[in-house]
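# Below is the structure, and that's it, no one-letter string:
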């Protein structure tokens, strides 16, 4: 009951903040609060934040997701919990879904290094459970598709070491090989 009240309160507070057309510094404070919440989500197994709640916030308030994308990519690549990492991939996917074409291109370009690192990390440390492995491959396939559509194949591959590319080939198979070879 307390969690439900907190979640509903959060939605209403965000709605009020948006209605006030706050200046950038106030919006940065909201971003910092969510950054702290997300850091707690990644760093603590005891975090009571549910990914569904985070995804709902990002659906209703895409501006928060745009501001947190780089942070999310970085934290997801560094988290020790396989379970949290796979859940976070779904949250990152939700952020990307909410972006229009211009925002998507800008966000991907701005965060290409973190995105490359995350894909490499996912390839090197694939989940042990089959369902999580499938979710990871699906996420990587979506990202590679986005990179292809934005003509960012070369910069992405350039940011990868030969060992990283080899790990991606072995874990992602044809999806990565097709991505890699389509540019030739």
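Happy to help now that I have it. Note that this is a predicted model, so its numbers are computed, not measured.
# where are the low-confidence patches of this protein?
1, 3, 183-184 (pLDDT under 70).
# residue boundaries of the helices in it?
In the chain, the helices defined using DSSP state H lie at 2-19, 24-43, 51-60, 62-78, 82-97, 101-110, 112-124, 130-149, 153-158, 162-172, 174-181.
# ok, residues contacting stretch 169-176?
Residues outside stretch 169-176 that contact it (CB atoms under 8 Å, 6 or more residues apart in numbering): 122, 123, 124, 126, 137, 140, 141, 144, 168, 177, 180. C-beta here means a position set from N, CA and C on the backbone, and glycine is covered the same way.
# what's around the spatially closest residue to the first one that is not a sequence neighbour, how many residues?
In space, and not counting its chain neighbours, residue 122 is closest to residue 136: 5.2 Å by CB to CB, 6 or more residues apart in numbering. A total of 22 residues lie near residue 136 under the criterion other CB atoms under 10 Å.
# which residues touch residue 136?
Contacts for residue 136 (CB under 8 Å, 6+ apart) come out as 86, 89, 122, 126, 127.
# ok, so what distance separates it from residue 16?
When distance is defined by CB to CB, to the nearest Å, residue 136 is 38 Å away from residue 16.
# Could you do residue 131 as well?
Separation of residue 131 from residue 16 (CB to CB): 39 Å.
# hmm, back to that, could you measure from the residue nearest to residue 122 over to residue 29?
Taking CB to CB as the measure, residue 136 falls 34 Å from residue 29.
# How about residue 130?
Going from residue 130 to residue 29 by CB to CB gives 42 Å.
# Ok, residue 9 next?
17 Å.
# Select from the contacts of residue 136 the one having the most neighbours.
For these, the largest number of neighbours (other CB under 10 Å) sits with residue 122, at 25 neighbours.
# hmm, back to that, show me the two of the contacts of residue 136 that sit farthest apart.
Pairwise distances across the contacts of residue 136 peak at 12.4 Å for 89 and 126 (criterion: CB to CB).
# what distance separates stretch 98-118 from the centre of its chain?
Between the centre of stretch 98-118 and the centre of its chain there are 10 Å (CA atoms, centre = their mean, to the nearest Å).
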